[in-house]
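J.: structural data only, the sequence is not supplied:
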């Protein structure tokens with residue numbers, strides 16, 4: 001990737017105040033991630049399409065990745081995510097409400113989902129997700 005992309009990661013909480021996370025396939029081709037995040041846990045996330053708002057991207061990706069309809073979605077943070085493979089301006093979002101039953105897509109990109117305590121996330125959580133969660137916990141929008 002030779003230019004910066006725009007991405008989103010969305011925090012969805014259940015009634016027990018746990019957050020939804022998705023596990024990417026360990027195979028890089030199947031995981032389909034510009035930043036090479038295969039084998040890691042992530043929030044529902046993805047790229048913003050041309051002409052789409054940040055919130056619309058969050059709604060679309062949540063439906064695509066876990067079959068949930070999110071409501072009352074808002075931007076909570078922004079960060080610069082860069083590694084040797086790609087660079088993204090990533091917007092962290094939170095959905096205050098959702099409906100539906102979780103169902104992963106028919107693709108092999110995502111292999112599992114689970115709900116985690118925000119302070120007890122798996123060690124193999126991807127860095128962009130860790131950064132969004134840290135900003136959320138610390139009530140921080142951007143720290144450069």
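T.: That came in fine, so what should we check first? Predicted model, so just to flag it, every value in this text is computed and none were measured.
J.: for the protein, what spans make up the helices?
T.: 28-31, 54-66, 127-137 (DSSP state H).
J.: avg pLDDT for the first one?
T.: So the one you mean is helix 28-31. Averaging pLDDT along helix 28-31 yields 84.
J.: what's that helix packed up against?
T.: Judged by 3 or more CB pairs under 8 Å, 6 or more residues apart in numbering; DSSP states H and E, helix 28-31 is in contact with no other helix or strand. To be clear about C-beta, it is placed using only N, CA and C from the backbone, and glycine gets the same treatment.
J.: so what touches that helix?
T.: Contacts with helix 28-31, where a contact means CB atoms under 8 Å, 6 or more residues apart in numbering, come from 24, 25, 36, 37, 38, 39, 107, 108, 109.
J.: filter those down to the buried ones.
T.: 24, 25, 37, 38, 109 (16 or more other CB atoms under 10 Å).
J.: going by distance to residue 5, which of those residues wins?
T.: Nearest to residue 5 among the buried ones among the contacts of helix 28-31: residue 37, at 13.3 Å, using CB to CB.
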